[in-house]
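Novice: got a predicted structure plus its sequence, pasted below:
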Amino acid sequence: MEDIVKVVGEKIRNFRKERGLSQEELAHQASLHNTYIGQLERGEKNATIESLLKITNALGITLEELFRNTQTGPKANSLEISQIITLLEDSSRKDQRTILGLLELLVNWKSSD
């Protein structure tokens, strides 16, 4: 359970930073305390559904977007993979294919060392 709290907190942080918001600004827009936002982002607090709804509304995302790719356990994506997916979700198909090609080149180059 602790893993999901940390993953959700990291996703909140990523969405907040993507929107150029400070913790204080997000807290104000969500009508929550800024220390609570910090605790959520660090995975120290388990948020209520009501708080998550306030946060997602303030971020302009849905609860589904927040919880997308948050599974934990052996088959879960690493946090880095989740961050990459979040960054690429709004890119065009063409840009996604270009970035995939670059990643494949990097992985092949790295594995040839």
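Specialist: Done, it's in. Residues are numbered from 1 along each chain as shown.
Novice: list the buried residues in the lowest-mean-pLDDT helix or strand in the chain.
Specialist: The helix or strand of the chain with the lowest confidence, counting by mean pLDDT, DSSP states H and E, is helix 79-88 at a mean of 76. Across helix 79-88, burial judged by 16 or more other CB atoms under 10 Å covers 82-83, 86. Heads up, the C-betas are built off the backbone N, CA and C, glycines and all.
Novice: got the buried residues for stretch 48-64?
Specialist: Here stretch 48-64 shows 51-52, 54-56, 58-59, 61 as buried, counting by 16+ other CB under 10 Å.
Novice: tell me the domain ranges of this protein?
Specialist: Annotated domains of the chain cover 1-72, 77-113 [automatic domain parsing].
Novice: that older thread, which SSE is immediately downstream of the least confident helix or strand of the chain?
Specialist: Counting by DSSP states H and E, the next helix or strand C-terminal to helix 79-88 is helix 93-111.
Novice: tell me what angle that following helix forms with helix 79-88.
Specialist: Here the directions of helix 93-111 and helix 79-88 differ by 150 degrees (axes from the mean of the first three to the mean of the last three CA atoms, to 10 degrees).
Novice: can you list the weak-confidence ranges in the protein?
Specialist: The model of the chain has pLDDT under 70 over residues 1-2, 69-79, 113.
Novice: nearest residue to residue 31 other than its sequence neighbours?
Specialist: Nearest residue to residue 31, sequence neighbours excluded (CB to CB, 6 or more residues apart in numbering): residue 54, at 6.1 Å.
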